[in-house]
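Asker: requesting a structural model of the entry that follows:
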Amino acid sequence: MTDIGIFLGTDEIADSARDAERLGFESVWCWDHLAGRYASLAPEVVLATAAAVTERVRVGYGVLLAAVRPLPLLAKEVAWLQYVSRGRLLVGVGDGRGAWERWHGGLRDAPAWDALGVRRADAEARTEEALRLLPGLVGGEPTRFTPGGVEITLAPTAAAPPLLVAGGLEDAVLRRAVEFGAGWFPAVISPAQVADGVRRLRRYADEAGRPVPPVTVAVPIQLDVPAGEVAAARDA
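Answerer: Residues are numbered from 1 along each chain as shown. Sure, this is the predicted structure:
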């Protein structure tokens, strides 16, 4: 069976999330950007709203730009969402340079990087630090940061949500998915490219002695039919 989710916009968030759950969708998502081509609310607000009015449907970042956020604060927000959603959070993590960000008008070429005081050249390293430290921080483990050697422990604790590594066919993204992620999360990619990515994921996983991460593909489409018909087609 194919799992189908929808992205939530800025209008009628609660009603849209309730409808998605009622119609049998598996997940609802929102994007994360500061100064892109699309208007957006803070993803924490959108996902907390969706979680509060639903019981089953999963809520997800599609995708979180971890590189532009202070990591302790980001971990606190992720822990809050995992806590209030009762373990239904999915976290797609991108570095601001891939198809996800081009699709949503993210921070790739925006002055927002400079406004936030983050160098785009540091995006990859900052993303990998977030992937490495987020599970422990969310789970309440004492975590030491450099520079300075400051150690913090967050509360309340929550089970670490699945971290889906977003990006395309770049070696760094695929290796990151094997090392850190609960899955590879590409967008705007062809079936042939997905197949190529899966072959390389298997090779990298074998080299690292790790299991092959699952793949979640986001395919942006414009729906010209009622959502109920989409839900019926999903189960056909």
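
Asker: where along the protein do the strands fall?
Answerer: Ranges of strands within the chain are 5-7, 27-30, 58-65, 89-94, 143-145, 150-152, 163-166, 183-185, based on DSSP state E.

Asker: tell me what the longest one is packed against?
Answerer: Okay, so that is strand 58-65. strand 5-7, strand 27-30, helix 43-52, strand 89-94, helix 99-104, strand 163-166 (3 or more C-beta pairs under 8 Å, 6 or more residues apart in numbering; DSSP states H and E). No exception for glycine: its C-beta is placed from N, CA and C like everyone else's.

Asker: output stretch 153-164 as PDB, restricted to C-alpha atoms.
Answerer: This file holds the C-alpha atoms of stretch 153-164, laid out as PDB (Å, rounded to 0.1, in the frame of the first residue of the first chain):
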ATOM      1  CA  THR A 153      20.100  18.500  29.600                       C
ATOM      2  CA  LEU A 154      16.600  19.200  28.200                       C
ATOM      3  CA  ALA A 155      13.300  18.500  29.800                       C
ATOM      4  CA  PRO A 156      10.600  17.200  29.300                       C
ATOM      5  CA  THR A 157      12.100  14.300  27.500                       C
ATOM      6  CA  ALA A 158      10.500  12.500  24.500                       C
ATOM      7  CA  ALA A 159      11.400   9.500  22.300                       C
ATOM      8  CA  ALA A 160      13.600  10.700  19.500                       C
ATOM      9  CA  PRO A 161      11.500  11.000  16.300                       C
ATOM     10  CA  PRO A 162      12.600   9.500  13.000                       C
ATOM     11  CA  LEU A 163      15.100  11.800  11.300                       C
ATOM     12  CA  LEU A 164      14.600  11.600   7.500                       C
END
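
Asker: and the closest residue to Val59 other than its chain neighbours, how many neighbours does it have?
Answerer: Ranked by C-beta to C-beta, 6 or more residues apart in numbering and with sequence neighbours excluded, the top spatial neighbour of Val59 is Leu47, at 4.5 Å. By other C-beta atoms under 10 Å, the residues close to Leu47 number 31.

Asker: contacting residues for Leu47?
Answerer: 30, 59-61, 81, 85, 89 (C-beta atoms under 8 Å, 6 or more residues apart in numbering).

Asker: so what pLDDT did it get?
Answerer: In this model, Leu47 is scored at 96, pLDDT.

Asker: surely Leu41 touches Thr10?
Answerer: Yes - in this structure, Leu41 is within contact of Thr10 by C-beta atoms under 8 Å, at 5.5 Å.

Asker: neighbour count winner among these two?
Answerer: The residue with more neighbours, out of Leu41 and Thr10, is Leu41; 15 against 11, by other C-beta under 10 Å.

Asker: list phi and psi for that one.
Answerer: The phi and psi values for Leu41, taken as degrees, to the nearest 10, are phi -90, psi 170.

Asker: any idea how far it lies from Ala48?
Answerer: 11 Å (C-beta to C-beta, to the nearest Å).

Asker: can you tell me, leaving aside adjacent residues, what's nearest to the spatially most central residue of the chain?
Answerer: Geometric centre of the chain, nearest residue: Gly92, 1.5 Å, by C-alpha atoms, centre = their mean. Among residues not flanking Gly92 along the chain, Val63 sits closest, at 3.6 Å (C-beta to C-beta, 6+ apart).
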